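Undergrad: could you look at this predicted model? Sequence included:
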Number of protein chains: 2
Amino acid sequence: MEAHDREAFRQAVVNTLERRLFYIPSFKIYRGVAGLYDYGPPGCAVKSNVLAFWRQHFVLEENMLEVDCPCVTPEIVLKASGHVDKFTDLMVKDEKTGNCYRADHLLKDFCREKLEREPNLSEEKRAEFRHVLAVLDDLSAEELGAKLKGYGIVSPDTKNPLSDPYPFNLMFQTSIGPSGNLPGYMRPETAQGIFVNFKDLYYYNGSKLPFAAAQIGQAFRNEISPRQGLLRVREFTLAEIEHFVDPDNKAHPKFSEVANLEFLMFPREDQVSGRSASRIPIGEAVAQGIVNNETLGYFIGRVYLFLTYLGIDRDRLRFRQHLANEMAHYAADCWDAEIECSYGWIECVGIADRSAYDLRAHTDKSGVPLVAHEKLPEPIEVEKLVITPVKKELGLAFKGNQRMVVEALEAMGEKEALELKATLESKGEAEFTVCTLDRVVTIKSNMVTISKEKKKEHQKVFTPSVIEPSFGIGRIIYCLYEHSFYTRPSRDGDEQLNVFRFPPLVAPIKCTVFPLVQNTEYEEVAKCIVKSLTAAGISYKIDITGTSIGKRYARTDELGVPFAITVDSTSSVTVRERDSKQQIRISVDEVASVIKEIIDGLGTWADALWKYPTHSS
Amino acid sequence: MEAHDREAFRQAVVNTLERRLFYIPSFKIYRGVAGLYDYGPPGCAVKSNVLAFWRQHFVLEENMLEVDCPCVTPEIVLKASGHVDKFTDLMVKDEKTGNCYRADHLLKDFCREKLEREPNLSEEKRAEFRHVLAVLDDLSAEELGAKLKGYGIVSPDTKNPLSDPYPFNLMFQTSIGPSGNLPGYMRPETAQGIFVNFKDLYYYNGSKLPFAAAQIGQAFRNEISPRQGLLRVREFTLAEIEHFVDPDNKAHPKFSEVANLEFLMFPREDQVSGRSASRIPIGEAVAQGIVNNETLGYFIGRVYLFLTYLGIDRDRLRFRQHLANEMAHYAADCWDAEIECSYGWIECVGIADRSAYDLRAHTDKSGVPLVAHEKLPEPIEVEKLVITPVKKELGLAFKGNQRMVVEALEAMGEKEALELKATLESKGEAEFTVCTLDRVVTIKSNMVTISKEKKKEHQKVFTPSVIEPSFGIGRIIYCLYEHSFYTRPSRDGDEQLNVFRFPPLVAPIKCTVFPLVQNTEYEEVAKCIVKSLTAAGISYKIDITGTSIGKRYARTDELGVPFAITVDSTSSVTVRERDSKQQIRISVDEVASVIKEIIDGLGTWADALWKYPTHSS
């Protein structure tokens, strides 16, 4: 599609979405806040359907350990993960108004505009701008600043001069507790909550690898100037999986179940050499070493199935491998599921082999070893730190808070424990912070013993690798809206009607109930059907207005409702399928169960068409 | 139970919960943060079961409009709702260490300790302390300060002197966007997101009352010093319903469906006169005017059903009416669903008739009328503000941002629009803030016309009342844990085993699969059963260790798994029910579907007992 058509198509989709409350700019009556959106009733239902299916397809299917951690996160956790120091974008400020802009966006817009709007540009200049666009993500603050100055780029809204670029941290900052001494952030991803719990989760799994943990929840990024509507927002729902595996064995027992799947892959080499994405069976991609290992390949296959079941068009979905300069130094391999929409190819799921990086970072910072064990053929001797809280003394001193103090003592890292030991030996007591109490307490030397002891080890100890599929739920849903949207002429051809072709799995409302004309008899039948739909757990919408059936169909096609039940007699009803507009007649008693079978995937519309008489209107 | 027994019971429950990862103190490897907890795998599953049932029982049953709004909220919204000014607790600081305490907690602890520990206290003094405890919530900062000074209360941890009490706002504060000019907070409740969307939701509902909107999401309260473990936390999940209704007609069409329900009610008069809670049919309570109206009564009945279906003990659940001094001045009536646990009677659901307060507050602050309409018998004449953006001029000036500017202009309140009109008339242009763009733009006089016009009104306009059931999901789940927990002796009587008697609806894992002995044949059968369970959407746990069956049962009883499938032949298996320990034999092919029927509530264990041969071990 041409840029202009893409824009027009997007406007049609977005207008429908906003008019039918799939989403609402948040706090609209106060004129909204950039980058914050509400899910209105149909959007909220789509989202909860997508999440329920995610749980079924990933968590239940693989018996993953799902957890649910807070959004408020103390600084130390995000210091360890690198977010406090590195989770930044380069920003410039309008020197007069103070308006803020992303430096790379201004440079990108400038180069694109030159290339698009100035046909007489020399070939040399064209090559230069193309080169800038290609290396944009790699530029340092200084390099970016030099380019902006060199091209004379000014504030787009006022033409005022701009400041030099400087890093702006994208986390929302806050303060935990009343003292003001404990800085915190709203988490920028859910993954850290899983990493810090690795030790407990590993134990819960019977101390066996591999296993996966999962989390669905809100994440926050204080974007400098959000653009691209629903795709770049300041608060969003992530669904993340952390699959922990022995670095020496990344085979996957169920890989054969996906190996024959064939879909668009876009390996690094093909990108660099200017080839386009091509269909490769995932089994072959792993065998040829294009995808690093079976576990990564297995998840790529499962993500493909997940997205296409939802209704993403398989021809506008590709798996793109990160280029060397995109990938973190520690990552073994990384693939993005990209979906094509009116904004171009959008990263919706990242599937990365992050090796041992995250668990090592938290081990270093916390002093708690986040490791796995494997039996050794021969035991070996090692020196170990032993912390033994004296519960009787602690109980006398701290009463109801004893447990928190004991836990805090036991959780000390080696360095800290040895410092405490030294202080207790020299002064007889020491100040000790108990975070779970928000307090500093005094520990006396009779309350804890700390020592180093020689022990025999029977196990090899290692840090597992983690393979992380991370899903941007809002982006997937937005692309799904675009892929599901189409228009068709109304019966008398005088207007174009909007339709979302959601599969029943995704549809926000599964069916509608329309009494054909306003009379008590039909309304009673409708109420009766509605009761059986509710009992079967099927969401419905009832419309008892006297509006024409055609108009009522059009209204709900626009919400993507797959089935409409029209009550046109007291014994049987007409059921109409949204996309084909085919109609069949089913008895009042049966209709809820027939629809439930299709919704639950136990039957299809084709089955129903075969079984029940068709109806021509 | 005596205080000591209550404490011991709680320790037994909490130890089991923590050991089996129902919950985990958040960021434990960094020693945690007071008032923040993770849901570990079984806790997370319980929570998602409770929320799925909440959606079925409330949202689907009443066809509510569910929405999903961000946690990050700009200050103006919470200024309008009163949270910025009034959502505070009184705090005192240790003058040396800076430790912070809730002033009322210190006074409460002091009075309780006096009453409990000093048997020789004079009757006069006893009466005084009891009085202080009774009026604690009503004391001003000055009164609280005077009492603390008067009793010589000092810092509990250090015995240092304390500061005077002063208000501390309980919201987590942050800043939205990079400029630092837009203060924001993490929402303290989800309700405000619904109120600000009233206009759109009312329209979505066909401009008809009554209707309800609902929201499930995270809320945040920066507690001064969290106590009571899982009951008072800094981040928690709320599920809130806002039912909008004509203030002149609060009847409910489905009230008759709950009218005969009978449960513990604790009306205001009974509390004041020292009587205890008593069983009153909710129909009678409404008829007698004890409960203000049918809609409030309907929700009380539905909440009762919800909680008891989950497994809350009906004898430890009561509905307590707010006393006059507890209730906001605008509220028409307010009842709390309180559940008794080891901490006493805990408010878990609040059900309040908040009259028109919230919608009026946002109407006043935003200038956008949040009102409902009803046809008038005779039209009347009124003067109305009309804002007409000139899209052509705005398009030329703002290109892709045109729509945001148009929306911002149209959203202006009357006062602001008239000011803009005056500026445009005197200066020809004006500065104008477009929040969705995070920018100040220049509006010229040819870009918008603003005028007042006389119009005929055909409708009566009024602010709806709102009835709000608000559920603290974490508190309900904690009470459910206590009500579901029991111990029983092991087979040889040498130890007490823990059991959670969760109903199948709530159970985190629905069944286990145990091959009786380790052999390939049984493991193949187990795999086959596991496949059919996964296909049926039933969560399971498989344990192929050689541990004794008794131990494997005990491990999963502690997770509240209702059914265990033991593979002890290749054709049929033994199914054991958790609480009765009864066993029946079912064929391998049938077992998944029999269990699914019970889980889905389509059959019961009693049915299965009748249908299949019992097994004696």
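TA: Ah, there it is. Residues are numbered from 1 along each chain as shown, chains lettered A, B, ... in the order given.
Undergrad: C-alpha from now on. contacts and neighbour counts both.
TA: Noted.
Undergrad: excluding chain neighbours, what is closest to the residue in the stretch 301-450 of chain A that chain B sits nearest to?
TA: As assessed by CA to the nearest CA, chain B sits closest to residue A:436 within the stretch 301-450 of chain A, at 4.0 Å. Among residues not flanking residue A:436 along the chain, residue B:34 sits closest, at 4.0 Å (CA to CA, 6 or more residues apart in numbering or on different chains).
Undergrad: does that neighbour touch residue A:437 like I think?
TA: Yes: Residue B:34 lies in contact with residue A:437 (CA atoms under 8 Å); the separation is 5.6 Å.
Undergrad: more crowded one of those two?
TA: residue B:34 (26 against 20; other CA atoms under 10 Å in any protein chain shown).
Undergrad: what about the strands in the stretch 101-250 of chain A?
TA: Using DSSP state E, counting those that start in this stretch, the strands found in the stretch 101-250 of chain A span residues A:166-169, A:173-175, A:183-186, A:211-220, A:235-245.
Undergrad: if we can go back for a sec, how about the secondary structure of the residue of the stretch 301-450 of chain A closest to chain B?
TA: helix (DSSP: H, G, I helix; E, B strand; the rest coil).
Undergrad: in this structure residue A:250 contacts residue A:294, no?
TA: Yes: in terms of CA under 8 Å, residue A:250 counts as a neighbour of residue A:294; the distance is 6.2 Å.
Undergrad: for the closest residue to residue A:142 other than its chain neighbours, give me its contacts.
TA: Of all residues not flanking residue A:142 in the chain, residue A:165 sits nearest, at 7.5 Å (CA to CA, 6+ apart). By CA atoms under 8 Å, 6 or more residues apart in numbering or on different chains, the contact set of residue A:165 is A:90-92, A:103, A:141-142, A:144-145.
Undergrad: out of these, which is nearest to residue B:178?
TA: Nearest to residue B:178 among the contacts of residue A:165: residue A:91, at 8.8 Å, using CA to CA.
Undergrad: now that closest one: which helix or strand?
TA: strand A:88-93 (DSSP states H and E).
Undergrad: now swap in residue A:285 and tell me
TA: Applying DSSP H and E, one finds residue A:285 within helix A:282-287.
Undergrad: so which other helices or strands are in contact with that helix?
TA: Where contact means 3 or more CA pairs under 8 Å, 6 or more residues apart in numbering or on different chains; DSSP states H and E, helix A:282-287 is packed against helix A:294-310.
Undergrad: list the buried residues in the helix it packs on.
TA: A:294-307, A:310 (16 or more other CA atoms under 10 Å in any protein chain shown).
Undergrad: run the chain-centre distance for that helix.
TA: Centroid displacement of helix A:294-310 relative to its chain, using CA atoms, centre = their mean, to the nearest Å, is 15 Å.
Undergrad: give the next helix or strand downstream of it.
TA: strand A:317-321.
Undergrad: ok, back up a step: the residue of the stretch 301-450 of chain A closest to chain B against residue A:404, yeah?
TA: Yes: under the criterion of CA under 8 Å, residue A:436 makes contact with residue A:404 at 6.5 Å.
Undergrad: quick one, strands of the stretch 351-500 of chain A?
TA: Going by DSSP E, counting those that start in this stretch, the stretch 351-500 of chain A shows strands at A:372-389, A:429-434, A:439-444, A:448-462, A:465-472, A:485-489, A:496-500.
Undergrad: picking up where we left off before, and residue B:216, which of the strands of the stretch 101-250 of chain A is closest to it?
TA: Among those, if distance is taken as CA to CA, the winner is strand A:211-220, at 12.2 Å.
Undergrad: what about the closest one, near chain B?
TA: No: using CA under 8 Å from any CA of the partner chain, we find that strand A:211-220 stays clear of chain B, coming within 8.6 Å at best.
Undergrad: name the helices or strands packed onto that strand?
TA: Partner elements for strand A:211-220 (3+ CA pairs under 8 Å, 6+ apart): strand A:65-67, helix A:191-195, strand A:235-245.
Undergrad: which residues touch residue A:478?
TA: Here residue A:478 is in contact with A:230-231 (criterion: CA under 8 Å, 6+ apart).
Undergrad: try it again with 6 Å
TA: Contact analysis of residue A:478 by CA atoms under 6 Å, 6 or more residues apart in numbering or on different chains lists nothing.
Undergrad: distance-wise, check it relative to chain B.
TA: For residue A:478, the distance to chain B (CA to the nearest CA, to the nearest Å) stands at 15 Å.
Undergrad: likewise residue A:540?
TA: 8 Å.
Undergrad: where does that residue fall, phi/psi-wise?
TA: Backbone geometry at residue A:540, expressed as degrees, to the nearest 10, gives phi -140, psi 170.
Undergrad: could you do the one 4 residues further on as well?
TA: In terms of degrees, to the nearest 10, the main-chain angles of residue A:544 are phi -100, psi 20.
Undergrad: ok, it - how many residues close by?
TA: Neighbours of residue A:544 using other CA under 10 Å come to 17.
Undergrad: who touches residue A:41 in this structure?
TA: Counting by CA under 6 Å, 6+ apart, the residues that residue A:41 touches are B:65-67.
Undergrad: for residue A:615, same thing?
TA: A:583-584.
Undergrad: one more pass at 8 Å, please.
TA: Residue A:615 neighbours (CA under 8 Å, 6+ apart): A:574, A:582-585.
Undergrad: partner residues bridging residue A:236?
TA: Beta-bridge partners for residue A:236, by DSSP bridges, are residue A:219.
Undergrad: wait, it touches residue A:222, no?
TA: No: between residue A:236 and residue A:222 there is no contact under CA under 8 Å: 11.2 Å.
Undergrad: return every residue with contacts to both of residue B:34 and residue A:437.
TA: Counting by CA under 8 Å, 6+ apart, the residues touching both residue B:34 and residue A:437 are residue B:225.
Undergrad: what residues does the stretch 201-350 of chain A have near chain B?
TA: Close to chain B, as judged by CA under 8 Å from any CA, the stretch 201-350 of chain A has residues A:204, A:222-225, A:235.
Undergrad: got the phi/psi numbers for residue A:338?
TA: Dihedral angles for residue A:338 - degrees, to the nearest 10 - are phi -110, psi 140.
Undergrad: what's the local residue count around it?
TA: 19.
Undergrad: do the same with the one 4 residues further on
TA: The local packing of residue A:342 (other CA under 10 Å) involves 19 other residues.
Undergrad: next: residue A:517.
TA: Around residue A:517 there are 18 residues (other CA under 10 Å).
Undergrad: touching, it and residue A:546? I think so.
TA: Yes: at 6.4 Å, residue A:517 and residue A:546 qualify as touching, with contact defined as CA under 8 Å.
Undergrad: one step back: the residue nearest to residue A:142 and residue A:82, how far apart?
TA: Distance, residue A:165 to residue A:82, using CA to CA, to the nearest Å: 21 Å.
Undergrad: where's the residue of the stretch 301-450 of chain A closest to chain B relative to residue A:411, distance?
TA: 12 Å.
Undergrad: now do the shared contacts for the two.
TA: With CA under 8 Å, 6+ apart, residue A:436 and residue A:411 have common neighbours residue B:31.
Undergrad: which one's more surrounded, these two?
TA: With neighbours defined as other CA under 10 Å, residue A:436 and residue A:411 compare such that residue A:436 has more, 24 against 20.
Undergrad: where does that one land on pLDDT?
TA: On pLDDT, residue A:436 comes in at 76.
Undergrad: over to residue A:1?
TA: So, for residue A:1, pLDDT stands at 66.
Undergrad: what's the answer for residue A:617, then?
TA: Reported pLDDT for residue A:617: 57.
Undergrad: give me the phi and psi angles of the closest residue to chain B within the stretch 51-200 of chain A.
TA: Nearest residue of the stretch 51-200 of chain A to chain B, counting by CA to the nearest CA: residue A:69, 4.4 Å away. The phi/psi pair for residue A:69 (degrees, to the nearest 10) reads phi -110, psi 160.
Undergrad: for it, which non-adjacent residue is closest in space?
TA: residue B:38 (4.4 Å).
Undergrad: SS state for that neighbour?
TA: Classified using three-state DSSP, residue B:38 is strand.
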